[in-house]
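Participant: The following comprises the amino acid sequence and a computationally predicted model.
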There are 2 protein chains.
Amino acid sequence: MINKLVEKIVKQGAPVVVGLDPMMKFVPKHLKEAAFEQYGETLEGAAEAVWQFNKAIIDNIYDIVPAVKPQIAMYEQFGLPGMAAFKKTVDYCHEKDMMVIGDVKRGDIGSTSEAYATAHLGRVQVGSKSLAAFDEDFATVNPYLGSDGIKPFLKVCAEEKKGIFILVKTSNPSSGEFQDRLIDGKPLYELVGEKVNEWASECMGGKYSYVGAVVGATYPEMGKTLRKVMPKSFILVPGYGAQGGKAEDLVHFFDEDGLGAIVNSSRGIIAAYTKEEYAEFGEKNFAEASRQAALDMIADINGALKSR
Amino acid sequence: MINKLVEKIVKQGAPVVVGLDPMMKFVPKHLKEAAFEQYGETLEGAAEAVWQFNKAIIDNIYDIVPAVKPQIAMYEQFGLPGMAAFKKTVDYCHEKDMMVIGDVKRGDIGSTSEAYATAHLGRVQVGSKSLAAFDEDFATVNPYLGSDGIKPFLKVCAEEKKGIFILVKTSNPSSGEFQDRLIDGKPLYELVGEKVNEWASECMGGKYSYVGAVVGATYPEMGKTLRKVMPKSFILVPGYGAQGGKAEDLVHFFDEDGLGAIVNSSRGIIAAYTKEEYAEFGEKNFAEASRQAALDMIADINGALKSR
């Protein structure tokens, strides 16, 4: 899948991923009203509103954006109906030939990590049948438990030719509390980066490994270092736009040939219609606003890559 | 909920929690056959087998064990039907007045962590209604992202009087890869422990805080240190039995009065019937074997606590 992701990025000229994190406050009123009319103010109603919101955005970006990154927490909060909306979103993206990075940040040990890997990337054995559960193309993984937590994911990645992005340096303000602490003179995130590079070597796709990393756009200097520490890994870069990451800072996360990174924007795209810049579209045309915001983001990043 | 947990532990004389991690290989043949006959070899069939397995065990332990800890990965691997079995298990435990620690190891930033906290402990706003999603009593949380990831959980804990257990030192062999690395002369797990103690102070229940910690039974010396570093926190201790933790090692995780810790066993209890020691029960009476194994575990731990 990492090869397919690279191909799609090159073909569409768009090293970007849209975060489908549908908080209720972003979902336009007319979608909520229609869903509540059908299902009431229930978890089912919320899930239906979220699904219709996602579907309209996917329909408007699938030809210009290679991948989406649904944040599973936003679906989990609506319980079982929310999880069903997550699954519907994954399947619909696949119908539209978009790739799906499940932003699940799972991580546990041994057989439990294997179960998470199975849930999101693999196939589970039920009697004589081998069945897929959520079936994303990539998943994000938390490294705090060490190799025991990562190895089961590597096994599933190798079997299914799917991929993971391991949290190395996250985009949030307090990420430094533990991640920046110095160990033998090196910050923890760099040690994690070195382990990611080891794991990546065990699981190469083509030029890049099935094992990627998450490094926040909000820390460009660290991105520069980590790009060198993990030469085999694609970097998933959150934090562009709403969190403050700028295109000119992002160039450090890319290789010389303009590959090696994919930049995420969530609310900057899906809630574009709420911003002054795209207000002309109006709430009803929220998905067209998302398309325009995605086009602008692609141009912004490609512009920065060309002028470096 | 931490006060209720303490009360139940005292009343039942049992500082133990049973890990409901129903891997298919633990589920007796007759339950699988019955479920597959009804639903086929499908995710629904697997979920039904898991649910019937859990139900029988809960029916046999609810009067002697205060809490269960379902490992959500084991349900997630069966997709939406698996998640429905998880929810059914949580609800059934509540019917039986057992407490539920959702072993979900979630952790993200800001609004995403808030969504996870809402999903597992809180209530989500849908129009004019406030609705619960999975509704466990406690959840386990990963600290790698720092305070930004934890604070939203604290908010929900305070509102709902529910609790979290933050991963400090995990029970697996490679947990030391990052957790044991020295920072200013102190291992990372100790720094995390100090932060847990800070967070715990903000969220006190009674004698103990709503904020607890996970420390593996397999590292008793570290347990001794961490007990002192986090005096306000209940410690959830995995790794007893199958992973090698022994009762005499566990006493270090408890306070002088025999409180302050709750010890988990998963396969040692739920798959007791597969062990020589409990083979006399036979596969059909797996749940009675689980009851006996739980009684033996309680006696083992209480014995060690008395003789220290």
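Facilitator: Sure thing, it's come through.

Participant: going forward, measure contacts between C-alpha atoms and count neighbours the same way
Facilitator: Fine.

Participant: how about the helices of the stretch 51-200 of chain A, start to end?
Facilitator: A:73-76, A:79-95, A:110-120, A:147-160, A:176-179, A:188-201 (DSSP state H, counting those that start in this stretch).

Participant: Pick the most deeply packed of the ones you listed.
Facilitator: helix A:73-76 (a mean of 27; mean count of other CA atoms under 10 Å in any protein chain shown).

Participant: just to revisit the earlier point, closest one to B:Ala115 among the helices of the stretch 51-200 of chain A?
Facilitator: B:Ala115 lies closest to helix A:73-76 among the helices of the stretch 51-200 of chain A, at 5.4 Å (CA to CA).

Participant: Rounded mean pLDDT for that closest one, please.
Facilitator: In this model, helix A:73-76 carries a mean pLDDT of 98.

Participant: elements contacting it?
Facilitator: Applying 3 or more CA pairs under 8 Å, 6 or more residues apart in numbering or on different chains; DSSP states H and E, we find helix A:73-76 packed against helix A:79-95, helix B:110-120.

Participant: if we can go back for a sec, out of the helices of the stretch 51-200 of chain A, nearest to B:Val237?
Facilitator: For the helices of the stretch 51-200 of chain A, proximity to B:Val237 was assessed by CA to CA; helix A:110-120 is nearest, at 16.5 Å.

Participant: Need the contact partners of the closest one.
Facilitator: Applying CA atoms under 8 Å, 6 or more residues apart in numbering or on different chains, the external contacts of helix A:110-120 come out as A:102, A:106-107, A:124, A:132-136, A:138-139, A:148-150, A:152-153, A:156, B:71, B:73-74, B:76-79.

Participant: Please apply the same query to stretch A:20-36.
Facilitator: So stretch A:20-36 is in contact with A:42, A:45-46, A:48-50, A:52-54, A:68-72, A:74, A:266-267, A:270-271, A:274, A:283-284, A:286, going by CA under 8 Å, 6+ apart.

Participant: and the residues you listed, which are buried?
Facilitator: A:42, A:45-46, A:48-50, A:52-54, A:68-72, A:74, A:266-267, A:270-271, A:274, A:283, A:286 (16 or more other CA atoms under 10 Å in any protein chain shown).

Participant: circling back: in strands, which of the contacts of stretch A:20-36 appear?
Facilitator: The members of the contacts of stretch A:20-36 that map onto strands under DSSP state E are A:Val68.

Participant: Would you format the helices and strands packed on helix A:73-76 as JSON lines with mean pLDDT and distance to B:Ala213 included?
Facilitator: Output for those, formatted as JSON lines (pLDDT from 0 to 100; distance: least, CA to CA, whole Å):
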{"stretch": "helix A:79-95", "mean pLDDT": "98", "distance to B:Ala213": "26"}
{"stretch": "helix B:110-120", "mean pLDDT": "95", "distance to B:Ala213": "16"}
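
Participant: residues touching A:Ala14, list them.
Facilitator: A:Ala14 neighbours (CA under 8 Å, 6+ apart): A:Ile64, A:Val65, A:Pro66, A:Ile298, A:Asn302.

Participant: out of those, which is most surrounded?
Facilitator: A:Pro66 (27 neighbours; other CA atoms under 10 Å in any protein chain shown).

Participant: Surely that one touches A:Glu7?
Facilitator: No. Counting by CA atoms under 8 Å, A:Glu7 is not a contact partner of A:Pro66; they are 9.2 Å apart.

Participant: and stretch A:19-31, which residues are buried?
Facilitator: Across stretch A:19-31, burial judged by 16+ other CA under 10 Å covers A:Gly19, A:Leu20, A:Asp21, A:Pro22, A:Met23, A:Met24, A:Phe26, A:Val27, A:Pro28, A:Leu31.

Participant: Check what pLDDT A:Ser201 gets.
Facilitator: At A:Ser201, the model reports a pLDDT of 96.

Participant: Surely it and A:Ser209 touch.
Facilitator: Yes. With contact defined as CA under 8 Å, A:Ser201 reaches A:Ser209; the gap is 6.9 Å.

Participant: which residues do those two both contact?
Facilitator: A:Lys232.

Participant: returning to what we had before: the helices of the stretch 51-200 of chain A into CSV, with extra columns for distance to B:Asp255?
Facilitator: Shown next, in CSV, are the helices of the stretch 51-200 of chain A (distance: least, CA to CA, whole Å):
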stretch, distance to B:Asp255
helix A:73-76, 36
helix A:79-95, 37
helix A:110-120, 30
helix A:147-160, 30
helix A:176-179, 28
helix A:188-201, 32
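
Participant: Which of the helices and strands packed on helix A:73-76 sits closest to B:Lys228?
Facilitator: helix B:110-120 (27.6 Å).

Participant: in the stretch 101-250 of chain A, what residue is nearest chain B?
Facilitator: A:Ala119 (3.7 Å; CA to the nearest CA).

Participant: if I look at the closest residue to that residue other than its chain neighbours, how far off is A:Gly122?
Facilitator: The shortest distance from A:Ala119 to any non-neighbouring residue, by CA to CA, 6 or more residues apart in numbering or on different chains, is to B:Gln77 (3.7 Å). As for B:Gln77, its distance to A:Gly122 is 9 Å (criterion: CA to CA, to the nearest Å).

Participant: cool, A:Asn264 as well?
Facilitator: A:Asn264 sits at a distance of 24 Å from A:Gly122 (criterion: CA to CA).

Participant: now swap in A:Asp300 and tell me
Facilitator: Taken as CA to CA, the span from A:Asp300 to A:Gly122 is 36 Å.

Participant: neighbour-wise, which of these two wins?
Facilitator: Taking neighbours as other CA under 10 Å, A:Asp300 and A:Gly122 compare with A:Gly122 leading, 27 against 14.

Participant: these two touch, right, the more buried one and A:Lys161?
Facilitator: No. Using CA under 8 Å as the test, A:Gly122 is too far from A:Lys161 to be in contact (9.6 Å).

Participant: Can you report how many residues neighbour A:Gly303?
Facilitator: By the criterion of other CA under 10 Å, A:Gly303 has 13 neighbours.

Participant: Now do the contacts for the residue minimising distance to the centre of chain A.
Facilitator: Residue closest to the average C-alpha location in chain A (CA atoms, centre = their mean): A:Lys69, at 3.5 Å. Contact analysis of A:Lys69 by CA under 8 Å, 6+ apart lists A:Val17, A:Val18, A:Gly19, A:Leu20, A:Val100, A:Ile101, A:Gly102, A:Asp103, A:Asn264.

Participant: which phi and psi does the fourth one have?
Facilitator: Looking back up the chat, that one is A:Leu20. Dihedral pair for A:Leu20: phi -90, psi 80, per degrees, to the nearest 10.

Participant: Likewise for the first one?
Facilitator: For A:Val17, the backbone dihedrals (degrees, to the nearest 10) come out as phi -130, psi 140.

Participant: how about it, what does it touch?
Facilitator: By CA under 8 Å, 6+ apart, the neighbours of A:Val17 are A:Val65, A:Pro66, A:Ala67, A:Val68, A:Lys69, A:Ile262, A:Val263, A:Asn264, A:Ser265.

Participant: Kindly indicate which of the residues you listed lies nearest chain B.
Facilitator: Closest approach to chain B among the contacts of A:Val17 (CA to the nearest CA): A:Lys69, at 13.2 Å.
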